[in-house]
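Asker: got a predicted structure here, sequence first:
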Amino acid sequence: MLKLSFLTLLLVSSIINAEEARSANAHVHGLNNLAMVINHNQIAITYEMPIVQLLEEHEGHDDHEEHEGHDDHEEHEGHDDHEEHEGHDEIMASNDSLAEFQNYLQLFAFPKGAKCDLVSFKSGLHSVSTEGGHKDVELSYEFSCNDPSQLNSLIINAFDRFSELETLNFEAVINNKALTKSLKSGNYKVIF
């Protein structure tokens, strides 16, 4: 049953990605996507974010500070700063740094009364465009809940975790009913 939910989640996730590519046709910083499928007591969630969101958090830097004292452009002729970071992205978002998201409470939370247990967690990187080498982080979770009647909302904690996060696109299939919302930092709870 959980495999069926996960396959449905993959379908929803691919629809989100296709729609995002059609509407924006670009890698959007400050935008995260959460796709969720609930089928009785089982939940599958895929959470996607630009890799740069993790890099900014780990580096804890301001672009102005990084380039302070580097106004001599002759020194950087023929050097594209973007190219410098292509391999750097994957190094910084290693399996260890992605593994910290097994603690899903950093991103979202279910009502405590639902008594949901994490059954499976997977993480990885995938390319989002052919130019620029942009990558997204994809986190996949599967849960089993002891009291699914209490599953009536989802709290989005990611706004507290990532200061650069502006919008979270939420799409779900909840017991065969579709739900879509676009959340901003002041609106962090989805009720269903």
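Answerer: Nice, thanks for sending it over.
Asker: element containing the closest residue to Phe170 other than its chain neighbours, please.
Answerer: Nearest non-adjacent residue to Phe170, counting by C-beta to C-beta, 6 or more residues apart in numbering: Lys181, 4.6 Å away. (Each C-beta comes from the backbone N, C-alpha and C, glycine too.) Per DSSP states H and E, Lys181 falls inside strand 177-184.
Asker: given that strand, what are its sheet partners and their directions?
Answerer: Strand 177-184 pairs in its sheet with strand 167-174 (antiparallel), by DSSP bridges.
Asker: quick check: mean pLDDT of the strand it pairs with?
Answerer: Across strand 167-174, the average pLDDT comes to 97.
Asker: buried residues in it?
Answerer: The neighbour-count check on strand 167-174 (16 or more other C-beta atoms under 10 Å) flags Leu168, Asn169, Phe170, Glu171, Ala172, Val173, Ile174 as buried.
Asker: the helix or strand that the strand holding Lys181 is followed by - contacts with which helices or strands?
Answerer: The first helix or strand that comes after strand 177-184 along the chain, using DSSP H and E, is strand 189-191. Counting contacts by 3 or more C-beta pairs under 8 Å, 6 or more residues apart in numbering; DSSP states H and E, strand 189-191 is packed against strand 153-156, strand 177-184.
Asker: note down every partner strand of the strand or helix carrying Ile45 and its orientation.
Answerer: Per DSSP H and E: Ile45 is located in strand 42-50. Next to strand 42-50 in the sheet, as set by DSSP bridges, lie strand 31-39 (antiparallel), strand 135-145 (antiparallel).
Asker: so which of those is the most packed in?
Answerer: strand 31-39 (a mean of 23; mean count of other C-beta atoms under 10 Å).
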